[in-house]
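let me see the structure of the following:
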Amino acid sequence: MITKEIKIKDTIFKGIELELSKGTKLLAITGDKGYIMCGYLNINTAQKRNDVACMVTGVKTIEDILNSNVVAITAKAQELGISMNMPVKEVLEILAE
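Numbers count the residues shown, from 1 in each chain. Model (predicted):
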């Protein structure tokens, strides 16, 4: 497992990269207010749990997440001003407020 600290404003997020099998990784960036997850995790479950969550797809590294746009969001994420296709770096700025 690889972890990486990501600092946005004065907030520290944790990037997590977990190899499930050769060539298959579970990726996420987590913070106190919410998280960004890869397509292996379930946005519907995050919605049911009232999480502030966003999903990205087609990523293989934490850096890929940081350079991607969200493809799915929960209602709680939308309430914070996060929208579909928003760049992840903008999402993290909102979560850092």
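
could you say which helix or strand holds L92?
In the assignment (DSSP states H and E), L92 maps to helix 88-95.

and the residue of the chain most remote from its centre, how far is that from I16?
Relative to the centre of the chain, and counting by Cα atoms, centre = their mean, the farthest-placed residue is K22 at 22.3 Å. Distance, K22 to I16, by Cβ to Cβ, to the nearest Å: 18 Å. Placement of C-beta: from N, CA and C, glycine included.

for this structure, which segments count as strands?
For the chain, applying DSSP state E gives strands covering 2-8, 11-21, 24-30, 35-37, 53-55, 72-73.

would you turn the ones you listed into CSV with mean pLDDT, distance to K89 and mean neighbour count?
Shown next, in CSV, are the strands of the chain (pLDDT from 0 to 100; distance: least, Cβ to Cβ, whole Å; neighbours: other Cβ atoms under 10 Å):
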stretch, mean pLDDT, distance to K89, mean neighbour count
strand 2-8, 96, 8, 13
strand 11-21, 95, 11, 15
strand 24-30, 95, 11, 18
strand 35-37, 98, 10, 25
strand 53-55, 98, 12, 25
strand 72-73, 98, 15, 22
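
put together TSV for these, with distance to V88 on each row.
Shown next, in TSV, are the strands of the chain (distance: least, Cβ to Cβ, whole Å):
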stretch	distance to V88
strand 2-8	10
strand 11-21	10
strand 24-30	7
strand 35-37	6
strand 53-55	8
strand 72-73	12
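
partners of the residue positioned nearest the centre of the chain in the sheet?
Note on the chain: the residue nearest the mean C-alpha position is I36, at 1.0 Å, using Cα atoms, centre = their mean. Counting by DSSP bridges, I36 is bridged to I29, C54.
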